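**Student:** Just the structure for this:
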Amino acid sequence: MNILERRLKLLELEGLGFSQSEIVQQLANRYDCTLRTIQYDFKNRGKWQPIIDELEPKTSLLKVLNRNRQIYRKASFMYLQANNEAIKLGALRLMRDSNMDLLTVTNPRLKEQPPEPLHEKEEKHYDYDSLTKKEKAVMVEASRLLRRIERKGPKPYVHIH
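**Tutor:** Now for the predicted structure:
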C-alpha cells in the first residue's frame, strides 16, 4: 500500500504543478525512501500509471482538474503582469477556455448542449484607417496570437527535468 500511496501522491503533486525535483525531495522525505526510488517511479510511470488510473479513475479526474487550475493560475498571473495588450488578450482567452474545459469535465452534459451565451455577441467593426499606428500594431498582434492559439491550442504543461 505504501508504493500505491506514494505514486498517487506523485501524480497529485504533479497535477498541482510542482517540478519533478520538488516532488522527488518531498516524497523521499515523506515516505522515507531514497531519491532514486522516486526518480525510478517517474522513469517507469508508463508501466504503473495506467494501472493506477484503472484502479482509481478519480485520480485521473483530479489530475486533469489540478492541471486545469494550474493553467488558469498561470494565465491570470500573465494577464496581471503583462504590459502588452496582445498578451493580456491571449491570457484572457486562455482563462476563458480553461473555465469552459473545467465546466465540461465536471458536467459531461455540457458537451452535448453547451450553455447559452449571456448576451448576443456583437461584432465590432473598426475603421482601420482611423486607428493610430500603435492601435493597428496591437490589433495585428492580437489577431496573430488568436490565430496561433486557435490553430495549436494552449501549450501543454511540461516538466523540465
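**Student:** rest of the way, CA atoms for contacts and neighbours
**Tutor:** OK.
**Student:** Is Y79 in contact with A91, as I believe?
**Tutor:** Yes - judged on Cα atoms under 8 Å, Y79 makes contact with A91 at a distance of 5.4 Å.
**Student:** Quick test: name the residue nearest the centre of the protein.
**Tutor:** Closest residue to the average C-alpha location of the chain: I71 at 3.1 Å, with Cα atoms, centre = their mean.
**Student:** Leaving out the residues flanking it, which one is nearest to that residue?
**Tutor:** Nearest non-adjacent residue to I71, counting by Cα to Cα, 6 or more residues apart in numbering: S98, 7.1 Å away.
**Student:** just checking, what packs against the helix or strand where that neighbour lies?
**Tutor:** If you go by DSSP states H and E, S98 is part of helix 85-106. Other helices and strands packing on helix 85-106, by 3 or more Cα pairs under 8 Å, 6 or more residues apart in numbering; DSSP states H and E, are helix 57-81, helix 109-112, helix 133-152.
**Student:** Lowest-scoring secondary structure element of the protein by mean pLDDT?
**Tutor:** helix 109-112 (a mean of 64; mean pLDDT, DSSP states H and E).
**Student:** give me the low-pLDDT residue ranges for the protein?
**Tutor:** Along the chain, the parts satisfying pLDDT under 70 run over 1, 53-60, 62, 106, 108-128, 149, 152-161.
**Student:** 90 - rerun?
**Tutor:** Applying pLDDT under 90 to the chain picks out residues 1-5, 7-19, 42, 44-161.
**Student:** Hmm, A75 is touching I87, no?
**Tutor:** No - judged on Cα under 8 Å, A75 makes no contact with I87 at a distance of 9.7 Å.
**Student:** Of those two, which one has the most company?
**Tutor:** For A75 versus I87, neighbours defined as other Cα atoms under 10 Å are more numerous around A75 (22 against 19).
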